[in-house]
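Engineer: structure for the following, please:
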Amino acid sequence: MVFSRLFFIYIFLPVCLLCYGLARGTKQKNLVLIIFSLIFYAWGEPVYIFLMLATAVVNYAAALFIGKYQGKKGDTAATVIAVTYDLLMLGVFKYSGFITENINALFSCSVPVPDIRLPIGISFYTFQTVSYIIDCHWEKIEPQRKFSNFLLYLTLFPQLVAGPIVRYSTIEKEINDRKIEICDVSYGLNRVALGLGKKVLLANQLSIIVDSFLGNIGSSTMFGACYGALAYGLQIYFDFSGYSDIAIGLGRVFGFHFDENFDHPFICKDITEFWQRWHISLSTFFRDYVLYIPIFGKRRKYGGLFLVWLCTGIWHGASWNFIIWGLYYGIFVFIEMLIGKKRMKKIPVVLRHVYSKLVIIVGFGIFYFEKLDKLGIFFRTAFGFSKNGFIAMQDKISVVNNMYLLTAAVICCFPIIKYVKQLSDRHFVTRAAVSSAAAVASALLLIVTSIMLVASTANPFLYFRF
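Structural biologist: Have a look, this model is predicted:
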């Protein structure tokens with residue numbers, strides 16, 4: 001099931017909220033959420049729901065074993081078994097075809113390439129179970145002894161299929177004890193409307209530009225290739241941050257406080273800052289669980305850095321372009337580490353902005369093209385080695401026709417809501433007035449979004465395939 005569908009907005013969600021509101025006590029409310037979460041997932045993945053349930057059983061049992069034998073060999077064995085199981089399932093379903101293809105190419109074999117459909121959300125809920133098991137092993141959290149509570153954590157539908165990656169410690173207390181106030185519901189619904197607006201009004205419209213220029217890269221000009229990559233970066237941002245807004249908003253409505261996943265990444269001054277603001281839950285996961293893994297028996301600063309970026313690329317997909325993309329960003333972060341924070345700050349801000357945006361645009365081009373021959377054409381075109389020239393009339397027409405869309409997209413990359421709140425505080429505008437204005441704006445946004453969705457047939461979020 002997809003958030004940006006009228007069925008979800010006007011049928012599934014209202015029925016869920018009604019049942020949740022009628023339920024008495026936290027136990028009943030948790031049961032409602034579990035049932036609706038399983039329905040939500042089974043709606044699109046009826047078979048793979050059993051895989052997710054098996055993952056829940058294995059990790060629940062392993063955590064109890066870890067808690068029972070804390071600090072002993074049984075603790076380590078259970079940790080290794082659970083993490084191995086999680087990563088093996090992810091590997092089989094996500095990377096078996098890619099690995100087989102490369103073995104065939106490398107050794108001139110003809111091993112049948114498995115055609116396995118990727119279970120939606122497996123990359124996200126796998127990392128949640130891995131973080132849960134490791135945190136239990138490190139004694140950062142106590143194992144959840146009630147299976148239904150652990151199942152709720154794993155299957156909670158707002159963040160189930162595309163994140164953010166929620167750690168157990170973030171909602172541990174709220175599973176059994178949470179209070180929902182009017183302000184939480186208001187904030188949550190406003191955030192949902194904002195996320196839907198990002199997805200439908202910006203990301204979906206930007207996809208038309210992307211398809212026109214990157215989808216036909218062989219005939220694109222230098223300007224067209226860069227223009228398409230820029231539009232793709234904006235599309236991914238509004239698509240994925242829109243999903244995160246909806247997930248965080250729905251979580252707040254049900255009494256859960258998820259961590260932020262995006263913090264206006266395009267206002268960054270360098271690549272390190274960009275990744276501190278982009279897909280924060282994934283970046284912090286690799287920082288906390290991969291960066292300090294001993295390499296050849298020792299913790300190596302730069303070795304750990306490139307291992308993180310290699311894993312970041314691999315996590316995004318079973319294709320060489322994602323590996324290249326991960327290492328590409330790793331190189332720039334490495335260079336910035338060598339320069340140092342103090343020296344980086346001495347570089348004029350304008351130059352830092354230009355440098356970071358150029359790196360980011362090229363990065364999104366790498367991210368888009370899963371076929372290496374197409375990626376090669378993109379590089380030749382974007383760097384002026386194509387016969388198609390610098391700019392064509394169709395490029396100018398596209399920019400003019402989409403000027404309002406592009407302007408709105410750029411403006412929305414800035415923390416506008418934060419600025420408005422600061423402005424209202426300076427002019428002593430009451431909270432009631434601000435809340436009323438936000439409610440009206442959200443209602444109008446929802447109406448416009450709904451109208452756009454009536455004529456739309458498919459609105460899958462881009463990160464469903466990762």
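Engineer: which residues are contacting the helix or strand residue 14 falls within?
Structural biologist: Per DSSP states H and E: residue 14 is located in helix 13-22. The contact list for helix 13-22, computed with C-beta atoms under 8 Å, 6 or more residues apart in numbering, reads 29, 32-33, 36, 250, 253-254. Every C-beta, even on glycine, is put in place using the N, C-alpha and C of the backbone.
Engineer: again, 7 Å this time
Structural biologist: 29, 32-33, 36, 254 (C-beta atoms under 7 Å, 6 or more residues apart in numbering).
Engineer: out of the residues you listed, which is most surrounded?
Structural biologist: If you count neighbours using other C-beta atoms under 10 Å, the busiest of those is residue 33, which has 25 neighbours.
Engineer: give me the element the residue nearest to it when sequence neighbours are not counted is part of.
Structural biologist: Once flanking residues are discounted, residue 33 sits nearest to residue 152: 6.0 Å by C-beta to C-beta, 6 or more residues apart in numbering. In the assignment (DSSP H and E), residue 152 maps to helix 147-155.
Engineer: what's the distance between whichever helix or strand comes after that helix and the middle of its chain?
Structural biologist: Once the chain leaves helix 147-155, the next helix or strand it forms, by DSSP H and E, is helix 168-176. Relative to its parent chain, helix 168-176 has a centroid offset of 21 Å by C-alpha atoms, centre = their mean, to the nearest Å.
Engineer: with stretch 256-270 instead?
Structural biologist: Counting by C-alpha atoms, centre = their mean, stretch 256-270 comes out at 11 Å from the chain centroid.
Engineer: can you give me the end-to-end span of it?
Structural biologist: 33 Å (C-alpha to C-alpha, to the nearest Å).
Engineer: in that stretch, what's buried?
Structural biologist: 256, 258, 261-262, 264-266, 268-270 (16 or more other C-beta atoms under 10 Å).
Engineer: before we move on, what about stretch 168-183?
Structural biologist: 168, 170-171, 174-175, 178, 180.
Engineer: kindly report the same for stretch 31-40.
Structural biologist: 31-34, 36-38, 40.
Engineer: for the longest helix anywhere in the chain, the averaged confidence score.
Structural biologist: In the chain, taking DSSP state H as the definition, the longest helix is helix 73-107. When pLDDT is averaged over helix 73-107, the result is 92.
Engineer: which residues does the stretch of helix or strand residue 52 belongs to contact?
Structural biologist: Residue 52 is part of helix 49-68, with elements assigned from DSSP H and E. Outside helix 49-68, the residues within contact range by C-beta under 7 Å, 6+ apart are 38, 41-42, 74-75, 78-79, 81-82, 85-86, 89, 119, 125, 129, 132-133, 136-137, 142-145, 147, 150-151, 154-155.
Engineer: go with 8 Å
Structural biologist: 38, 41-42, 74-75, 78-79, 81-82, 85-86, 89, 93, 119, 121-122, 125-126, 129, 132-133, 136-137, 142-145, 147, 150-151, 154-155.
Engineer: tell me the angle of it relative to helix 147-155?
Structural biologist: 120 degrees (axes from the mean of the first three to the mean of the last three C-alpha atoms, to 10 degrees).
Engineer: residue 184: neighbour count?
Structural biologist: Neighbours of residue 184 using other C-beta under 10 Å come to 19.
Engineer: checking the residue nearest to it when sequence neighbours are not counted next. Helix, strand or coil?
Structural biologist: Once flanking residues are discounted, residue 184 sits nearest to residue 252: 5.1 Å by C-beta to C-beta, 6+ apart. Classification of residue 252 using DSSP: H, G, I helix; E, B strand; the rest coil returns helix.
Engineer: didn't residue 252 look like it was pressed against residue 190?
Structural biologist: No. Counting by C-beta atoms under 8 Å, residue 252 stays clear of residue 190, with 9.6 Å between them.
Engineer: which of the residues in the strand or helix carrying residue 284 are buried?
Structural biologist: Using DSSP H and E, residue 284 sits within helix 280-289. Of the residues in helix 280-289, 280-286, 289 count as buried by neighbour count, 16+ other C-beta under 10 Å.
Engineer: likewise for stretch 353-365?
Structural biologist: For stretch 353-365, by 16+ other C-beta under 10 Å, it's 356, 359-365.
Engineer: and residue 207, backbone torsions?
Structural biologist: phi -60, psi -30 (degrees, to the nearest 10).
Engineer: same check on residue 220?
Structural biologist: According to degrees, to the nearest 10, residue 220 has phi -80, psi 150.
Engineer: so it touches residue 229, yeah?
Structural biologist: No. Applying C-beta under 8 Å, one finds residue 220 not in contact with residue 229, separated by 10.1 Å.
Engineer: which residues do the two both contact?
Structural biologist: Contacts common to residue 220 and residue 229, judged by C-beta under 8 Å, 6+ apart, are residue 214.
Engineer: helices along the stretch 201-350 of the chain, start to end?
Structural biologist: Counting by DSSP state H, counting those that start in this stretch, the stretch 201-350 of the chain has helices at residues 204-213, 222-253, 271-277, 280-289, 301-316, 320-339, 341-346, 349-368.
Engineer: what's the closest of those helices to residue 105?
Structural biologist: helix 320-339 (10.9 Å; C-beta to C-beta).
Engineer: tell me which two of the buried residues of helix 280-289 sit farthest apart.
Structural biologist: Between any two of these (C-beta to C-beta), the greatest distance is 14.6 Å, for 280 and 289.
Engineer: could you give the angle of the helix or strand hosting residue 447 to helix 204-213?
Structural biologist: Using DSSP H and E, residue 447 sits within helix 431-454. Interaxial angle, helix 431-454 versus helix 204-213 (the same axes, to 10 degrees): 40 degrees.
Engineer: which other residues reach helix 431-454?
Structural biologist: 4-6, 9-10, 186, 189-190, 193-194, 196-197, 200-201, 204, 421, 424, 459.
Engineer: write the PyMOL selection for whichever of the residues you listed are buried.
Structural biologist: Selecting only the buried members of the contacts of helix 431-454 in PyMOL, with burial defined as 16+ other C-beta under 10 Å, works like this:
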select buried, resi 4+5+9+186+189+190+193+194+196+197+200+201+204+459
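Engineer: so which of the contacts of helix 431-454 are in helices?
Structural biologist: Reading helices off the contacts of helix 431-454 with DSSP H, I get 6, 186, 189-190, 193-194, 196-197, 204, 421, 424.
Engineer: what's the angle between the helix or strand of the chain with the lowest mean pLDDT and helix 431-454?
Structural biologist: Least confident helix or strand of the chain, by mean pLDDT, DSSP states H and E, is helix 416-426 with a mean of 82. Helix 416-426 runs at 160 degrees relative to helix 431-454, counting by the same axes, to 10 degrees.
Engineer: I am finished for the moment; much appreciated.
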